[in-house]
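Visitor: Just to be clear, the model below is a prediction. Sequence and coordinates:
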Amino acid sequence: MISWDQMKGRVFSFLKTNITEIRDNVQELRALCVPEKPVYEGQVTLEEYEDFVTSLASPEGMSSEKAKIGMGALGVAGEGGEVADIAKKVLYHGKPFDEANRDAMIKELGDVMYYVAFLARNVLNSSIQEIIDTNVDKLQKRYKTGKFTVAEFMAKEAAKG
Ligand SMILES: [Mg+2]
């Protein structure tokens, strides 16, 4: 009898050793199949999105808790940087904020969401819904009128010390 962690280790080791062969076989099998349902048909629930994100995670990124934390946190930072890069080019390099840049920003925000969902599900044992609810709760406590006020913002800044 071996532990679950030992079993996972053996499975990941097998996958690492045989990943090229497995990938080729999966691609051959996929080519033989007509999907009954596309992976993405438009609107998905947050939970379905978390399932989708988790199914796409690389074996390397799922190989340990450290790997999952690193992949998620670095992913959020990296993709957030790509959002900032679009803004920088519009603000300082003369690029127009046109349809193409709007679409690019939507795509990059989607990439941020991917890693938020990844962290929520695979590292925090949480969900996108809990993250949204926690954020709403925090902001409702900070802005009691439901609107931004400088006084409440400054009170929050002062509390940081
Ligand atoms: Mg990206």
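Guide: Nice, thanks for sending it over.
Visitor: For residue 130, grab the count of nearby residues.
Guide: Using other CB atoms under 10 Å, residue 130 has 13 neighbouring residues. In short, each C-beta sits where N, CA and C put it, glycine included.
Visitor: do the same with the one 5 residues further on
Guide: One way to gauge burial is a neighbour count; for residue 135, by other CB under 10 Å, it gives 10.
Visitor: which residue ranges form the helices in this structure?
Guide: Taking DSSP state H, the helices of the chain run over residues 4-32, 46-56, 65-92, 99-122, 128-142, 150-159.
Visitor: which one of the ones you listed is the most hemmed in?
Guide: Mean neighbours per residue, mean count of other CB atoms under 10 Å, is largest over these for helix 99-122, with a mean of 16.
Visitor: near the ion at all, that helix?
Guide: Yes: residues of helix 99-122 contacting the ion under CB under 5 Å from the ion: 108, 111.
Visitor: With adjacent residues omitted, what lies nearest to the closest residue to the ion within the chain?
Guide: In the chain, the residue that lies nearest the ion is residue 111 (3.7 Å; CB to the ion). Closest residue in space to residue 111, ignoring its immediate chain neighbours: residue 79 at 3.9 Å, by CB to CB, 6 or more residues apart in numbering.
Visitor: I'd guessed that neighbour sits against residue 107; true?
Guide: No: using CB atoms under 8 Å, residue 79 is not in contact with residue 107, being 9.7 Å away.
Visitor: From the centroid of the protein, which residue is nearest?
Guide: In the chain, the residue lying closest to the centroid (CA atoms, centre = their mean) is residue 115, at 1.6 Å.
Visitor: In contact with the residue of the chain closest to the ion, which residues?
Guide: Going by CB atoms under 8 Å, 6 or more residues apart in numbering, residue 111 touches 75, 79, 82.
Visitor: isn't the first one right up against residue 118?
Guide: Yes: contact status for residue 75 versus residue 118: in contact at 6.7 Å, counting by CB under 8 Å.
Visitor: Might you enumerate the residues of this structure proximal to the ion?
Guide: Checking the chain against the ion by CB under 5 Å from the ion, the hits are 79, 82, 108, 111.
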